[in-house]
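*Asks:* test case, fold it:
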Amino acid sequence: MIKKLIIFVASLVLSIYILGPLVWMVSSSFQPENEITAKPPHWIPKTPTLENFRAIFVSEKEAVTYENRKQGDTAMGGFIPSTAKNLLPSMWNSFVVAITVVLLNLLISTPAAYAMAKIRFIGRSTSIYFMLATRVIPEIALVVPFFLFIQKLGLMDNKLSLIITYLAITIPFSVFILVSYFESLPDELDKAARIDGCSRWQSLTYIYLPLAVPSLVAVSMFAFLTSWNEFLLALMFTQTDQSQTMPIVVASFASDFNISFSFINAAGVMAVIPPVVLAMIFQKYIVSGLTAGAVKG
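*Replies:* Numbering: from 1, shown residues only. Sure thing, here's the model as predicted:
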């Protein structure tokens, strides 16, 4: 009983620590500015309001000028950042980039992982760990090479630049996860398929892909979240509203003439909805996909 009690208390403390900021973000997004800055803070809004979310959806129709921004009173929740109208388009840009990266990531990493797991060739192990080693390199160290590469291709301020660089970041880890999963599947399945006349591609398509759904979902979620949340490369390669993604626009809310914390938190709630929905839909596949290849057999 003591052991179970300790585990329960530790789990409860950890859950509060992890979920506390998320709960506060959701709660404060429904609060006016004078409540969010009150001491002690109000975890439950006294006067709930949807004005912060309304500003996101109607800001595109309302002209925001220097004068009305200066007159906006953040304490009363009347302030709208000048870049508020860019939030929904930027979320669409993030979604397009993330989905494209997921599809291309699967298209490239799945055949590569199958080949490394089921085809024996010289340098196989070295190539696997070499790809994994690229994940050790800090992202900041890749900014200059990526910048020169994108500049030479003439893709600055283009969503395609983000897709290319995000693929370079996500594919190595995806291949490593999928290799571990494919290696956990019996080689006899591949041999039986080959005896029955299947090509390598048919063996992958008809035998291994249906069995690898949990791992494919986990890899897809990793690629989606990496692309959805990435900030540094998006900051370097995008300059205009047509290509900027959601993290860049949300960050711009904190550098306007004035700052509305409740509005920023409302934008944060909008930003976390797509990943949370996807995680809830595919949660049973995510855990099994990340852990199934840990033990072979």
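*Asks:* list the buried residues for stretch 162-181?
*Replies:* Under the neighbour-count criterion of 16 or more other CB atoms under 10 Å, stretch 162-181 has 162-167, 169-181 buried. The C-beta positions use only the backbone N, C-alpha and C, and glycine is treated the same way.
*Asks:* which ones are touching residue 203?
*Replies:* By CB atoms under 8 Å, 6 or more residues apart in numbering, residue 203 lies in contact with 189, 190, 193, 194.
*Asks:* helices or strands up against the helix or strand harbouring residue 25?
*Replies:* Per DSSP states H and E, residue 25 falls inside helix 2-29. For helix 2-29, the packing partners by 3 or more CB pairs under 8 Å, 6 or more residues apart in numbering; DSSP states H and E come out as helix 261-281.
*Asks:* name the helices or strands packed onto the helix it packs on?
*Replies:* Using 3+ CB pairs under 8 Å, 6+ apart, helix 261-281 is in contact with helix 2-29, helix 33-36, helix 51-58, helix 87-118, helix 213-229, helix 246-252.
*Asks:* from the contact counts, what lies against the shortest one?
*Replies:* Under the contact criterion of 3+ CB pairs under 8 Å, 6+ apart, the helices and strands touching helix 33-36 comprise helix 261-281.
*Asks:* count the residues that sit near the closest residue in space to residue 220 that isn't next to it in sequence.
*Replies:* Excluding its sequence neighbours, the residue lying closest to residue 220 (CB to CB, 6 or more residues apart in numbering) is residue 102, at 5.0 Å. Neighbourhood size, residue 102 [other CB atoms under 10 Å]: 21.
*Asks:* what of residue 237?
*Replies:* Applying other CB under 10 Å, we find 25 residues neighbouring residue 237.
*Asks:* same check, this time on the one 5 residues further on
*Replies:* One way to gauge burial is a neighbour count; for residue 242, by other CB under 10 Å, it gives 13.
*Asks:* secondary structure class for it?
*Replies:* Classification of residue 242 by DSSP: H, G, I helix; E, B strand; the rest coil places it in coil.
*Asks:* for it, phi and psi?
*Replies:* In terms of degrees, to the nearest 10, the main-chain angles of residue 242 are phi -70, psi -20.
*Asks:* now do the contacts for residue 147.
*Replies:* Residue 147 neighbours (CB under 8 Å, 6+ apart): 236, 237.
*Asks:* correction: the previous question concerned residue 55.
*Replies:* Contacts of residue 55 by CB under 8 Å, 6+ apart are 80, 84, 263, 266.
*Asks:* quick check: residue 109 touching residue 176?
*Replies:* No. If you go by CB atoms under 8 Å, residue 109 and residue 176 don't touch, sitting 9.1 Å apart.
*Asks:* coming back round to it: now the helix holding residue 25 against helix 51-58, angle please.
*Replies:* 60 degrees (axes from the mean of the first three to the mean of the last three CA atoms, to 10 degrees).
*Asks:* does the residue nearest to residue 220 touch residue 222 like I think?
*Replies:* No. Applying CB under 8 Å as the test, residue 102 and residue 222 come out as separate, 9.2 Å apart.
*Asks:* sketch out the low-pLDDT regions of the chain for me.
*Replies:* The model of the chain has pLDDT under 70 over residues 59-79, 255-257, 285-297.
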